[in-house]
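S.K.: Model the following, please.
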Amino acid sequence: MKRILVAGFLALASSVAAARGAGVDSYAQSLVRPAVAAHPAVASLVISAAVAANGPPVVVAATDPARVGQAYMAAAGGFIPPAGRVEEGARGTTVLLPLLDVSGDAVGTLEVGFARGSVPPAGMLEQARQVQHWFGRRVSTAGNLTDPFPYDSDARLHTRAQQLVDEVLAKHPEVLIFAIHATPPESDYNVIAGSNIGRIGKKGDNDDMRCVYTGKPNLEVNSTGKRFEVELQLHDRAGAVIGAVGIVYAYHAGVDQAALHTAADAIRAQLEPRIENAAALFETVAPRPPLVYAGRTELPGYSGDFDHFEVDPARNRLLLAAEDHGTLEVFDLHTGKHLRTIKGFDTPHSPYLVPGTSRLLLTDGSGSIKILDADSYARQGEIKTHPGADSIAVDPASGHLFVVTGGKDVHLNESWLEEIDPQTGSHIGETHFDANHVEALAIEPGGQRIYINLTDKNQLAVVDPARHEVASVWPVRAAEQNAMVQFDPVSRRVYVVTRKPGKLIAMDSSSGATLGVYDGPGWSDQELLDVANRRIYAPGGAGSIAVYALAEDGGVTPLASVASAAGAKTGILVPQLRRLFVAVSPGERKSGAAIMWFDISPMD
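M.R.: Numbering: from 1, shown residues only. This next block holds a predicted model:
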């Protein structure tokens, strides 16, 4: 029996080696590199599965290719481990999890390795689950793992078809599998041009071709009873038949099959106007940068720092607090042209336009918030605060403004978070901090909790705004000078940006546990959450904007470092224009002051 098993392992290893020699990997092996790239803290990855009927489990892919074909050495607990088993080794920690297919069924095992001390224990388990989720969107069956990739060695990868598949899956998480069938130029065979389960270049079978030629949809429940498969004839934007789309949904007895068919029809209808012709599906597509430089307005004669922006869409205005210049700068929102300078402030920090009014508020480091008319910018009054009014955030649920006051800039060893009704100027309450340097804050939707940086303490405080009390204080251990924070309502993760050194730190919003640490920009003063495109942008004064992709489960993938300019450390998103503005602070220089803007590329 042992001889038979060894022969099986050798056969698998030799077949994989032969495939590599022909320039083709297994599908599982092709997933290893992008999986590790998407999860930088992962040091090693091993995928094991029983790929032969009733056969033993073997390693089918690994960061160390020499392991492919070896017997899977199951630890105590069996081949498919319970979720989250952690094993300590001489060089680090391994988290073992079931490898799941698109239906959530276990088809093998994932071994996710971390170097010793690289990630806190809670973060290791969380990141391993993110890897598990990543694979769970890309694996159809255990047999799928050993498919050659590409299925045909001449098949084109990184095509327009694959880009369309990725976009559809990002917008429709309810879709388990999405595949586009079409005929490549100079070929007579209809093949899979793009999919989330590999098989690129695989020729269409009889069912596929019947759908292509007759237009009759294929509608069926698969053999497990857990998936409903819809295959529809596909047309280009001119209405010519070019192939088919296969769309698979989760299914169980009682699910309305007609409704799933209708949903698939709607996806096809959205897709077809975007396809010029069949040949266009096979064109290679270069990855689009997430931000594309679009313009710059110089501001000669300025020195020192700028602070934060505000947008006034109704008046087509972009407002910028010129902190060290004592002014509010006004720009045309669409063209970026500098329109005027409003003088007469102490140290302007944060402008805020009260929705539905012509009431503009401005914190300027003094003991009051200035009230301006948003049309004329004439002074209309003030709202009294503690000295040092600086950073702000708005609770969408109540419409109330939360303002950071106090601190070392006004020679105080204490700070406050003051709650103000911006419509009336009334003071609702305040939370006290025994800290002389408090920076940015993020408000959880619904106003249940506020996360705020106690920068001098290297802590993140959690405030109960109903009681105006500090509910928890969490240490920020991975780096110093935590200054920026965002709360992601999708994953319910908190993302903190630090300055010493520049890092992005993912934290559990319930416990404060560190779940991941990623390199960040030098000296950032802003963190921007792009909910629509699932990204974070962190402009850095060192001259670049760090861009991170956020998975629905909170996983972080560093996407790009986009060149900006030295001193460009604050910014604002304008979603309706798909634009990001940054303010270029000249510091002690008397030249270089500017605003820059970038067009935002939609999520692939």
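S.K.: residue boundaries of the strands in the stretch 451-600 of the chain?
M.R.: Here the stretch 451-600 of the chain has its strands, by DSSP state E, counting those that start in this stretch, at 459-464, 469-475, 480-488, 493-500, 502-508, 514-519, 528-530, 535-540, 544-550, 556-563, 568-574, 579-584, 594-600.
S.K.: Let me have these in TSV, extended by mean neighbour count.
M.R.: Where C-beta positions appear, they are placed from N, C-alpha and C, glycine not excepted. Converted to TSV, the strands of the stretch 451-600 of the chain look like this (neighbours: other Cβ atoms under 10 Å):
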stretch	mean neighbour count
strand 459-464	20
strand 469-475	15
strand 480-488	21
strand 493-500	24
strand 502-508	23
strand 514-519	21
strand 528-530	19
strand 535-540	26
strand 544-550	23
strand 556-563	18
strand 568-574	24
strand 579-584	26
strand 594-600	21
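S.K.: Can you check which of the ones you listed gets nearest to Asp375?
M.R.: strand 568-574 (20.3 Å; Cβ to Cβ).
S.K.: quick revisit: export the strands of the stretch 451-600 of the chain to TSV and tack on mean pLDDT and distance to Ile192?
M.R.: Shown next, in TSV, are the strands of the stretch 451-600 of the chain (pLDDT from 0 to 100; distance: least, Cβ to Cβ, whole Å):
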stretch	mean pLDDT	distance to Ile192
strand 459-464	98	47
strand 469-475	97	48
strand 480-488	96	34
strand 493-500	96	35
strand 502-508	95	35
strand 514-519	92	34
strand 528-530	96	32
strand 535-540	96	29
strand 544-550	94	26
strand 556-563	90	26
strand 568-574	96	37
strand 579-584	96	37
strand 594-600	94	31
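S.K.: any chance of these in a markdown table, plus distance to Leu412?
M.R.: As requested, the strands of the stretch 451-600 of the chain are exported to a markdown table (distance: least, Cβ to Cβ, whole Å):
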| stretch | distance to Leu412 |
| --- | --- |
| strand 459-464 | 17 |
| strand 469-475 | 18 |
| strand 480-488 | 18 |
| strand 493-500 | 22 |
| strand 502-508 | 28 |
| strand 514-519 | 30 |
| strand 528-530 | 29 |
| strand 535-540 | 29 |
| strand 544-550 | 32 |
| strand 556-563 | 36 |
| strand 568-574 | 24 |
| strand 579-584 | 27 |
| strand 594-600 | 32 |
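S.K.: Compare the ones you listed and give me the one nearest His338.
M.R.: Per Cβ to Cβ, nearest to His338 of the strands of the stretch 451-600 of the chain: strand 594-600, 8.2 Å.
S.K.: Share the number of residues neighbouring Val165, please.
M.R.: 24 (other Cβ atoms under 10 Å).
S.K.: now the one 4 residues further on
M.R.: As a burial measure, the neighbour count of Leu169 was computed by other Cβ under 10 Å and equals 18.
S.K.: quick one on the thing from earlier: out of the strands of the stretch 451-600 of the chain, the one nearest Ala286 is which?
M.R.: Nearest of those (Cβ to Cβ): strand 556-563, 13.4 Å.
S.K.: Quick one: closest of the strands of the stretch 451-600 of the chain to Gly113.
M.R.: Going by Cβ to Cβ, the one of the strands of the stretch 451-600 of the chain nearest Gly113 is strand 514-519, 15.5 Å.
S.K.: ok and the closest one relative to strand 556-563, angle-wise?
M.R.: 20 degrees (axes from the mean of the first three to the mean of the last three Cα atoms, to 10 degrees).
S.K.: quick one: strands adjacent to strand 514-519?
M.R.: strand 502-508 (antiparallel) (DSSP bridges).
S.K.: hey, which helix or strand in the protein has the poorest pLDDT?
M.R.: Of all the helices and strands that make up the chain, helix 2-21 has the lowest average by mean pLDDT, DSSP states H and E, namely a mean of 40.
S.K.: which one of the strands of the stretch 451-600 of the chain lies closest to Leu260?
M.R.: Closest among the strands of the stretch 451-600 of the chain, using Cβ to Cβ: strand 544-550, at 28.5 Å.
S.K.: could you measure Ile428 against Gly381, distance?
M.R.: 18 Å (Cβ to Cβ, to the nearest Å).
S.K.: Look at these two and report which has more neighbours.
M.R.: Ile428 (15 against 11).
S.K.: wait, isn't that one in contact with Ile420?
M.R.: Yes - the pair Ile428 and Ile420 qualifies as a contact (Cβ atoms under 8 Å) at a distance of 6.5 Å.
S.K.: Overlap in contacts, those two.
M.R.: His400 (Cβ atoms under 8 Å, 6 or more residues apart in numbering).
S.K.: in stretch 159-178, what's buried?
M.R.: 159-165, 167-169, 172, 175-178 (16 or more other Cβ atoms under 10 Å).
S.K.: ditto for stretch 353-368
M.R.: Per 16+ other Cβ under 10 Å, stretch 353-368 contains these buried residues: Leu353, Val354, Arg359, Leu360, Leu361, Leu362, Thr363, Asp364, Gly365, Ser366, Ser368.
S.K.: all helices in this structure, in order from the N-terminus.
M.R.: 2-21, 27-38, 121-136, 160-171, 206-214, 257-271 (DSSP state H).
S.K.: most neighbours per residue, which of those?
M.R.: helix 121-136 (a mean of 21; mean count of other Cβ atoms under 10 Å).
S.K.: for it, the distance to its chain's centre please.
M.R.: 15 Å (Cα atoms, centre = their mean, to the nearest Å).
S.K.: what helices or strands is that helix leaning on?
M.R.: helix 27-38, strand 85-88, strand 92-100, strand 106-115, strand 502-508, strand 514-519 (3 or more Cβ pairs under 8 Å, 6 or more residues apart in numbering; DSSP states H and E).
S.K.: Quickly run through the sheet partners of the third one, with directions.
M.R.: Put plainly, it is strand 92-100. Going by DSSP bridges, the partners of strand 92-100 are strand 85-88 (antiparallel), strand 106-115 (antiparallel).
S.K.: Packed most tightly, which of the ones you listed would that be?
M.R.: strand 106-115 (a mean of 22).
S.K.: now the angle from it to helix 121-136?
M.R.: Going by the same axes, to 10 degrees, strand 106-115 is angled at 140 degrees with respect to helix 121-136.
S.K.: quick one: contacts of strand 106-115?
M.R.: With Cβ under 8 Å, 6+ apart as the criterion, strand 106-115 contacts 41-50, 57, 60, 72, 74, 79-81, 91-101, 124, 127-128, 131-132, 135, 139, 141-142, 145.
S.K.: same thing but at 6 Å, please
M.R.: 42-44, 46, 48-49, 80, 92-99, 101, 124, 128, 131-132, 142 (Cβ atoms under 6 Å, 6 or more residues apart in numbering).
S.K.: try stretch 213-225
M.R.: By Cβ under 6 Å, 6+ apart, stretch 213-225 touches Asp207, Cys211, Phe228, Glu229, Val230, Glu231, Leu232, Gln233, Tyr251.
S.K.: picking up where we left off before, weakest of the strands paired with strand 92-100 by average pLDDT?
M.R.: Lowest mean pLDDT within these: strand 85-88, a mean of 82.
S.K.: Distance to Lys503 added to the strands paired with strand 92-100, as a markdown table?
M.R.: Output for these, formatted as a markdown table (distance: least, Cβ to Cβ, whole Å):
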| stretch | distance to Lys503 |
| --- | --- |
| strand 85-88 | 25 |
| strand 106-115 | 17 |
